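Asks: next input, structure requested:
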Amino acid sequence: MTYFVTGATGFIGRHLVAELLKREGTIHVLVREGSRGKLDALVQRFGAEDGRIVPVTGDLSKPGLGVEGFDEKIDHLFHLAAVYDVEADEEASERANVGHEARRRVRQRARRRALPPHQLDRGGG
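Replies: As a prediction, the model looks like this:
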C-alpha cells in the first residue's frame with residue numbers, strides 16, 4: 001500500500017502518519033523545502049525505518065502541487081495541509097490553506113493519477 005499525505009507535520013497529520021506507520025507500505029509526504037527539518041524531526045521521533053516516510057518537495061499553492069518528477073503509484077491520498085497563523089492575511093491563508101484553490105489542485109493531481117475517490121479533506125466543501 002502506498003499513501004500520499006499533505007500536512008503530515010501538522011497536528012492531525014502527524015497522528016495520521018503515526019497510524020499509517022502501523023500498516024504496511026510507503027508514506028509519501030508533501031513538504032515545502034523550508035519545512036523539511038520539521039519532517040526530518042518527525043521521522044526521527046517516530047523511529048521510522050528508512051524509506052517508510054518519503055519526502056516529496058512541493059507547494060500546495062502551485063499547479064500540480066509544485067511536484068516534479070514524482071510518478072509513484074498512490075493508493076490513498078490524505079489532504080490535511082493548512083496554515084494556522086492568526087497573523088496571516090486572508091489572501092495568504094486562502095493560498096496556503098485548504099481553501100478552494102488548494103483543494104482543487106489536490107483533486108486535479110488525484111484525478112491525473114487515477115486515485116480512488118476516498119480522499120480525506122479536513123477542509124469541507
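Asks: going by C-alpha atoms from here, please, whenever you check contacts or count neighbours.
Replies: OK.
Asks: any stretches of this protein with poor pLDDT?
Replies: Along the chain, segments meeting pLDDT under 70 span 82-86, 88, 92-125.
Asks: so where do the helices sit in it?
Replies: 11-20, 36-46, 90-96, 100-112 (DSSP state H).
Asks: what's next to stretch 29-41, contact-wise?
Replies: Contacts to stretch 29-41, defined as C-alpha atoms under 8 Å, 6 or more residues apart in numbering, come from residues 4-9, 53-59.
Asks: try 7 Å
Replies: Applying C-alpha atoms under 7 Å, 6 or more residues apart in numbering, the external contacts of stretch 29-41 come out as 4-6, 8-9, 53-59.
Asks: end to end, how far does it reach?
Replies: 13 Å (C-alpha to C-alpha, to the nearest Å).
Asks: swap in stretch 75-91?
Replies: Note: stretch 75-91 ends 32 Å apart using C-alpha to C-alpha.
Asks: also stretch 43-60?
Replies: 21 Å.
Asks: other residues contacting it?
Replies: 25-33, 65-67, 96, 102.
Asks: who does Ile27 bridge with?
Replies: In this entry, Ile27 is beta-bridged to Tyr3, Ile53, by DSSP bridges.
Asks: what is the burial count for Arg36?
Replies: Other residues near Arg36 come to 16 when the count uses other C-alpha atoms under 10 Å.
Asks: neighbour count and distance to Arg45 added to the contacts of stretch 43-60, as CSV?
Replies: Output for the contacts of stretch 43-60, formatted as CSV (neighbours: other C-alpha atoms under 10 Å; distance: C-alpha to C-alpha, whole Å):
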residue, neighbour count, distance to Arg45
Gly25, 15, 19
Thr26, 17, 17
Ile27, 23, 15
His28, 23, 17
Val29, 23, 16
Leu30, 27, 18
Val31, 25, 17
Arg32, 16, 19
Glu33, 12, 20
Leu65, 18, 27
Gly66, 15, 27
Val67, 17, 26
Ala96, 20, 26
Ala102, 24, 29
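Asks: kind regards, and thank you for your time.
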